[in-house]
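A.B. asks: With the sequence up front, the predicted model follows.
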Amino acid sequence: MIRLDPPALVAARSRRFGNVAGQAGVDSWLLTTALAVRVVTGAWSDDVDLSSEWSSPIVAVCSAVLSPGLPPNDPRLIDMVVDLLPRTGKVAVDRLGADAYDRLRALRPNLVIEDVAPLLVASNAPRDAVEIDVITEGHHRTEAALAAMLHEVREGVTERELSRSFYGQAEQHGIERIHVDTVFSVLPRDVGDAPWARGEWSERSPYRELTTDKILRQGDHVVFDAGAAYSGYAVDVGWTLLASDGEPSADEVALADEWDEVAHRVIDAATPGASAADLRRAALKGWDPDRPPPWPHPFYVAHGLGVRPAELPFAGTDFGVEAEESMILTSGQVMMIEPYIWRAGVGGYRAEYCIVIEDGGARIISSLPYGQWPARG
């Protein structure tokens with residue numbers, strides 16, 4: 001059954017997309033991916049999930065949404081929807097097979113066909129207040145689900161047991177969907193403990209983000225990373241948990257403090273008009289050049305968030321500084337700030353602040369005390 005998002009959310013996204021499409025001279029579109037259809041029209045379906053989206057997608061043709069029961073590479077799909085398309089102008093499409101493209105060109109030879117991806121990216125921001133409220137609510141629900149199970153992070157449990165417990169809490173807290181596997185993963189204390197210590201990884205702080213049947217030991221640092229969805233918007237929550245009956249050591253407190261210093265340098269730099277490269281430079285300001293950058297390879301120190309779990313801008317990626325200079329922050333963008341600090345023999349600390357870029361500076365919407373070790377209480 002096809003459902004619709006609340007009208008206020010749909011209006012915000014469709015207005016931005018319509019403006020961007022109009023500026024590009026695009027006057028029609030044919031969308032077959034679930035994400036694009038939901039962004040532009042607000043339509044979605046429980047029957048369309050990651051495994052069946054290709055074989056039987058819901059399709060948006062301008063304002064019309066239908067379930068054709070055909071994959072997007074099937075030319076018969078074009079026969080079913082062509083009467084909804086104009087005969088001239090520009091049509092934006094997001095996924096069609098070669099045969100379907102050929103059929104579209106044959107039936108609408110005077111239509112210029114363009115890729116919708118740049119339009120979707122350009123219409124990501126600025127988010128309306130109603131969208132930011134939804135992202136904030138989803139973020140707080142996910143954080144509450146984590147907080148409800150912190151007492152389970154202890155010696156003797158496995159990473160997978162923690163992950164299963166979180167899934168249960170997420171459901172109880174009204175999280176719509178877990179769109180990537182939730183990570184509970186013991187961080188390496190020494191380079192030799194890292195799963196990868198070769199190639200480009202050998203020059204970066206050792207990191208691990210893979211949930212297995214590994215059993216937690218006393219004093220382990222356990223990175224948590226959850227990718228969830230709430231009302232059609234992505235949620236990204238991360239923290240480092242301590243599997244210990246005691247208090248964190250002075251070295252562990254220093255590790256978290258250093259993380260918070262880096263994170264706040266990046267947050268302070270996150271103002272309208274700044275670039276992703278400015279965020280990279282803020283993270284590295286005063287940083288010892290003999291130490292690896294304070295974020296894990298091949299991730300980033302900051303990234304955008306919206307209907308996708310990771311959107312432009314990206315800071316600290318292998319795109320390089322030149323590409324990041326062109327990624328400009330605007331008021332109304334939502335971003336994740338996520339450094340990683342590691343010291344040999346001590347371990348690692350990674351967490352994630354969720355912020356909103358505003359004219360007066362960035363506003364933190366996260367509710368957990370990141371920059372500290374979680375209390376077991």
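C.D. replies: That came through fine. Residues are numbered from 1 along each chain as shown.

A.B. asks: Can you show me the helices along the stretch 201-350 of the chain?
C.D. replies: Along the stretch 201-350 of the chain, counting by DSSP state H, counting those that start in this stretch, helices occupy 250-269, 276-284, 321-325.

A.B. asks: Break this protein down into its domains, please.
C.D. replies: The chain resolves into domains spanning 2-122, 129-364 when parsed by automatic domain parsing.

A.B. asks: start to end distance for stretch 181-191?
C.D. replies: Stretch 181-191 has an end-to-end distance of 25 Å (criterion: C-alpha to C-alpha, to the nearest Å).

A.B. asks: Then stretch 121-133?
C.D. replies: The first and last residues of stretch 121-133 sit 21 Å apart, counting by C-alpha to C-alpha.

A.B. asks: sorry, back to before: compare the mean pLDDT across the domains of the chain and name the weakest.
C.D. replies: When the domains of the chain are compared by mean pLDDT, domain 2-122 comes last with a mean of 91.

A.B. asks: Could you check how far Y349 is from L255?
C.D. replies: To L255, Y349 is 5 Å away according to C-beta to C-beta, to the nearest Å. Quick note: C-beta positions are derived from backbone N, CA and C, even for glycine.

A.B. asks: again, but for G347
C.D. replies: Where L255 is concerned, G347 sits at a distance of 7 Å (C-beta to C-beta).

A.B. asks: And the two? Which one has more around it.
C.D. replies: The residue with more neighbours, out of G347 and L255, is G347; 24 against 21, by other C-beta atoms under 10 Å.

A.B. asks: What count of nearby residues applies to the closest residue to that one other than its chain neighbours?
C.D. replies: Spatial nearest neighbour of G347, excluding adjacent residues (C-beta to C-beta, 6 or more residues apart in numbering): H221 at 4.2 Å. Residues lying near H221 (other C-beta under 10 Å) number 24.

A.B. asks: Contacts only, for H221.
C.D. replies: Residues near H221 by C-beta atoms under 8 Å, 6 or more residues apart in numbering: 186-187, 189, 240-243, 252, 347-349.

A.B. asks: which residues of the stretch 1-150 of the chain fall in strands?
C.D. replies: Here the stretch 1-150 of the chain has its strands, by DSSP state E, counting those that start in this stretch, at 2-4, 28-31, 43-45, 59-61, 64-66, 89-93, 111-115.

A.B. asks: Show me the contact partners of the first one.
C.D. replies: Translated: strand 2-4. Here strand 2-4 makes contact (C-beta under 8 Å, 6+ apart) with 10, 42-46, 58, 65, 67.

A.B. asks: L66 contacts V81, doesn't it?
C.D. replies: Yes. When contacts are counted by C-beta atoms under 8 Å, L66 is listed as touching V81 (7.4 Å).

A.B. asks: Among these two, which residue is more densely surrounded?
C.D. replies: When L66 is set against V81 and neighbours are counted by other C-beta under 10 Å, the residue ahead is V81, at 19 against 14.

A.B. asks: So that one is in contact with S67, correct?
C.D. replies: No. At 11.6 Å, V81 and S67 do not qualify as touching, with contact defined as C-beta under 8 Å.

A.B. asks: Now the common contact residues for those two.
C.D. replies: Residues touching both V81 and S67 by C-beta under 8 Å, 6+ apart: V59.
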